[in-house]
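Chemist: Could you work out the structure for the sequence below:
(one chain, ligands or ions: 2)
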Amino acid sequence: MIKVFISLCISLFAISSASGKEQNKRLYFKLLSHQVKFVERELRQKIRPVSLGLDNSQKQRIKVLTNGQVNFSTLYYVDVPLFVSGQGLLGYQGEFYNDVEPPGFRGDPDAAGQWWLDKLNIPQAWSYASGEGIVIADCDAGYHHQESDIAGNLLLDRAYDLADRDRSNNIGDGRFVYHGTAVVAIMAGVANGLGTNGIAYNSKVVPLQNFNYDSSLDDIGKEEATAQCVLKAMESSDVKVIVLENQTRNGSSETFVGTRDAVFLAMQAGITVVSAAGNNSTELIEESHYDTGSIIVGAMTQDDLPASYTNYGSRVSISAFGENIKTLFGPNGQMGNFGGTSAATPQVAGTVALMLELNPQLMPYEVREILQKTGVQHSNRHLVGPRLDVAEALAGVMSVSHTESLAVKQSQQFRRRLQEILK
Ligand SMILES: [Ca+2]
Ligand SMILES: [Ca+2]
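Modeler: Ligands and ions are numbered 1, 2, ... in the order given. Down below sits the predicted model:
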């Protein structure tokens with residue numbers, strides 16, 4: 001029954017984008033019945049063309065995406081031709097909001113200025129996931145960690161500075177403290193009714209500092225500290241995602257062999273690594289020769305073109321927006337305009353947290369493949385990969401059948417052994 005149902009399902013989000021040019025309207029609804037099997041049958045039966053006045057081709061377009069189970073707290077939507085009324089869909093045993101979007105979570109107040117939320121289909125994705133239960137480690141330049149918009153999601157007891165051996169517990173100093181603050185706010189900012197919130201607003205972040213950009217503080221080089229940062233992140237058994245927010249002169253952080261090796265280990269341990277491509281307009285050659293399996297993120301302009309500065313090449317997995325990203329900088333709630341592959345990377349990392357909440361067993365290469373398959377293709381896609389679409393990525397997670405239990409087991413064993421060695 002469930003199998004048949006899944007095979008009939010089409011992505012809602014795909015429907016909405018494919019039918020965007022036609023005269024359509026959107027109907028929102030929540031299912032109310034408590035009898036799942038009954039509702040599944042109803043979903044199929046009541047969608048008959050006769051009940052809606054649709055022909056067969058139109059009928060195909062209003063099937064509802066589920067993950068094989070009907071979720072009653074989830075808000076679904078369908079795009080239908082203008083003449084269809086919500087009354088025709090009442091057989092869903094649902095509560096309908098004809099034409100009008102019902103009150104749902106669209107972000108904290110300042111999110112109103114965040115144009116990219118809608119462009120990346122993030123509010124739709126929030127019907128499915130918020131990052132709950134997912135821990136991300138960020139290797140970054142510093143954090144205003146007392147900012148209320150990020151503090152609640154930071155795991156401060158694990159904060160660590162890998163570059164400053166004398167003050168390894170101070171992640172709030174250095175020249176670019178705003179940088180990690182901005183990254184965490186985009187990726188995992190707190191949904192508290194104030195300011196903004198992140199894409200994975202219920203995830204948690206281990207704040208690691210890989211450089212202070214201050215010779216009076218830093219004892220070892222940025223590249224080496226980044227490699228150490230990856231190893232440090234792996235000491236925590238619950239970290240599922242590692243974010244690398246620095247570049248080298250030659251490209252992404254993975255041009256440094258120590259970092260590359262550490263990333264290889266993380267991938268074998270089943271941790272998804274999301275890495276900024278860098279901002280030098282450079283082709284990533286070494287990264288193509290040594291594909292670690294990480295997700296390397298390029299930057300797009302607001303007009304959906306590859307940014308002039310972004311590093312590029314076949315190894316860039318996916319891209320997100322790298323300009324006019326209004327977000328928290330701190331201190332004292334100060335907002336700023338963030339950009340570069342540094343800004344694009346947390347958009348992807350937050351999405352990965354949502355994906356892993358839906359299916360924590362996904363292996364890193366599956367996460368990358370789903371992101372690439374579901375991203376928006378553009379004419380320059382060979383340079384920076386497709387552009388991220390968050391709702392489509394979640395639909396992609398829900399539609400794959402997952403048979404990787406052996407790989408999951410192996411990665412968990414590897415991770416345990418690695419943690420013994422790292423201690
Ligand atoms: Ca520091
Ligand atoms: Ca907030």
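
Chemist: So the residue most central in space within the chain: helix, strand or coil?
Modeler: The C-alpha lying nearest the average C-alpha coordinate of the chain belongs to Thr351 (CA atoms, centre = their mean; 1.0 Å). Classification of Thr351 using DSSP: H, G, I helix; E, B strand; the rest coil returns helix.

Chemist: so who does it touch?
Modeler: Each residue near Thr351 by CB atoms under 8 Å, 6 or more residues apart in numbering is listed here: Ala125, Ile199, Ala200, Leu371, Leu388, Val390, Ala393. No exception for glycine: its C-beta is placed from N, CA and C like everyone else's.

Chemist: Just the buried ones among these, please.
Modeler: Buried subset of the contacts of Thr351 (neighbour count, 16 or more other CB atoms under 10 Å): Ala125, Ile199, Ala200, Leu371, Leu388, Val390, Ala393.

Chemist: residues in contact with Gln410?
Modeler: Gln410 sits next to no residue when contact means CB under 8 Å, 6+ apart.

Chemist: Can you name every helix or strand that the strand or helix carrying Ala182 contacts?
Modeler: Here Ala182, judged by DSSP states H and E, is contained in helix 177-188. With contacts defined as 3 or more CB pairs under 8 Å, 6 or more residues apart in numbering; DSSP states H and E, helix 177-188 has these neighbours: strand 135-140, helix 148-151, strand 204-209, strand 325-328, strand 335-338, helix 341-358.

Chemist: Any idea which of the ones you listed gets closest to ligand 1?
Modeler: Nearest to ligand 1, of all the helices and strands packed on helix 177-188, is strand 204-209, at 4.9 Å by CB to the ion.

Chemist: Using PDB, write out the CA atom coordinates for that closest one.
Modeler: Provided in PDB are the C-alpha atoms of strand 204-209 (Å, rounded to 0.1, in the frame of the first residue of the first chain):
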ATOM      1  CA  LYS A 204      23.200  23.100  17.600                       C
ATOM      2  CA  VAL A 205      26.600  24.400  16.700                       C
ATOM      3  CA  VAL A 206      30.000  23.600  18.200                       C
ATOM      4  CA  PRO A 207      31.900  26.900  17.800                       C
ATOM      5  CA  LEU A 208      35.500  26.300  16.900                       C
ATOM      6  CA  GLN A 209      38.000  29.100  16.000                       C
END
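
Chemist: Among the buried ones among the contacts of Thr351, which are located in strands?
Modeler: Using DSSP state E, no member of those falls in strands.

Chemist: Among the residues you listed, list the two that are farthest apart in space.
Modeler: Maximum pairwise distance in these, criterion CB to CB, is 14.3 Å, between Ala200 and Leu371.

Chemist: thinking again about what came up before, now the helices and strands packed on helix 177-188 as a markdown table including mean pLDDT and distance to ligand 1?
Modeler: Output for these, formatted as a markdown table (pLDDT from 0 to 100; distance: least, CB to the ion, whole Å):
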| stretch | mean pLDDT | distance to ligand 1 |
| --- | --- | --- |
| strand 135-140 | 98 | 11 |
| helix 148-151 | 96 | 17 |
| strand 204-209 | 98 | 5 |
| strand 325-328 | 95 | 19 |
| strand 335-338 | 95 | 20 |
| helix 341-358 | 97 | 18 |
